[in-house]
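In: sequence and predicted structure are below.
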Amino acid sequence: MESSGGIEAPFAIDRFMFYSGRRLYCLIVEVISRPGVLASVTSFIADRGLDIAYCSTRAARASDKGVIRLFIDFTDTMIRPETLAGQLEALKAVKRVEVIRPTVEGFISNGGFPLVIGPVRAVLLDEAALKGLLIEFRRRLGTGGEAMLYHLGVEIGRERWRYILRQAEGIGVGEESDRLLIMTEIFKSMGYGIPEIVERNDKLPYIAVRVWRNIECELAGRVGHPYSHFIRGLLAGLTGLLYDMDMRARETKCIAAGDPYCLFEITAK
């Protein structure tokens, strides 16, 4: 796909795992954040023949506390999770290790709460939850549901962009083109789709945004017509705050209608 701009690989956020016939445990390793600590912890585990099924880290400034969360497979070893935890605590940069056992046989959670993105709380909506919100909600409420999804997207877009603009100003980003670049990267990193600004006129104002793999329309499948209301509203809210005026987004191409991507034309209301 020409818009991907590099390697496309899913970014897994595994907060829990279902498994069968294995012995998985979660280890939460509190460390002093310094170069090489993650490598020393994972190498220590690998040297004992243990497989790391998942690893995530919480970065911190040098010398501050950091956290490494690991799902580790103990199936083919006599090593006990508590023994490994004690050995890890003997490493120079490791402060503390907590072992989280399976909640029930075949299910393990990493025990982390609250979920945060940067300094703010977040919740995760997977595909099943999104189908309930973006597909079944509108099916039950018809055109009223579609209108509500659009306005919900507008308000989420505005609030999200207010926060992003404050963060951008905090690092000295003032150019609108740089703000738009930040917007497109965050849009993609949040899982909405892969955006590409194909045309822009700040005098009108007008922006045309191509979105590959739009989550809303991908979930809908082939319905034969443009389908997006939530993402359409989200883009209107984002650009409205950027230009400090009410904007309107119209979907002129859609993967749910058989197009290779969704195309949104965003103009002043």
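Out: Yep, that arrived. Residues are numbered from 1 along each chain as shown.

In: point out where the stretch 51-200 of the chain drops to low pLDDT.
Out: Across the stretch 51-200 of the chain, the ranges flagged by pLDDT under 70 are 59-63.

In: go with 90
Out: 57-66, 103, 105, 110-121, 164-165, 169, 174-177, 179-180 (pLDDT under 90).

In: can you pull the phi/psi pair for the residue nearest to residue 33 when sequence neighbours are not counted?
Out: Distances taken as C-beta to C-beta, 6 or more residues apart in numbering put residue 66 closest to residue 33, at 3.7 Å, once the chain neighbours are dropped. From N, CA and C alone the C-beta is placed, and that goes for glycine too. Taking degrees, to the nearest 10, you get phi -130, psi 160 for the backbone angles of residue 66.

In: same question, residue 41
Out: In terms of degrees, to the nearest 10, the main-chain angles of residue 41 are phi -70, psi -50.

In: would you map out the domains in the chain?
Out: Here the domain assignment for the chain is 16-113, 127-268, based on automatic domain parsing.

In: and residue 130, that's in a helix?
Out: Yes. If the criterion is DSSP: H, G, I helix; E, B strand; the rest coil, then residue 130 is within a helix.

In: enumerate every residue touching the residue nearest to it when sequence neighbours are not counted.
Out: Computed as C-beta to C-beta, 6+ apart, the closest residue to residue 130 that is not its neighbour in sequence is residue 219, at 6.1 Å. Contact partners of residue 219, counting by C-beta atoms under 8 Å, 6 or more residues apart in numbering, are 127, 130-131, 134-135.

In: kindly state the pLDDT recorded for residue 4?
Out: Residue 4 is assigned a predicted lDDT (pLDDT) of 46.

In: tell me which residue is most central in this protein.
Out: residue 190 (3.8 Å; C-alpha atoms, centre = their mean).

In: for residue 243, see how far away that residue is.
Out: Distance, residue 190 to residue 243, by C-beta to C-beta, to the nearest Å: 21 Å.

In: distance check, residue 263 against residue 82.
Out: From residue 263 to residue 82 the distance is 56 Å (C-beta to C-beta).

In: so those two - more neighbours on which side?
Out: residue 263 (18 against 12; other C-beta atoms under 10 Å).

In: ok now do the residue lying closest to that one once chain neighbours are set aside, which residues does it touch?
Out: Distances taken as C-beta to C-beta, 6+ apart place residue 253 nearest to residue 263, at 3.8 Å, with adjacent residues excluded. Taking C-beta under 8 Å, 6+ apart as the contact definition, residue 253 lies against 226, 259, 261-263.

In: among the residues you listed, which two are most distant?
Out: 226 and 261 (11.9 Å; C-beta to C-beta).

In: the helices in the stretch 1-150 of the chain, which residues?
Out: 37-46, 81-89, 127-130, 137-141, 143-170 (DSSP state H, counting those that start in this stretch).

In: tell me which of those helices sits nearest to residue 70.
Out: Smallest distance to residue 70 across the helices of the stretch 1-150 of the chain (C-beta to C-beta): 7.3 Å, for helix 37-46.

In: what sits up against that closest one?
Out: Contacts for helix 37-46 (C-beta under 8 Å, 6+ apart): 29, 31, 52, 55, 57, 66, 68, 70, 72, 84, 87-88, 91, 93-94.
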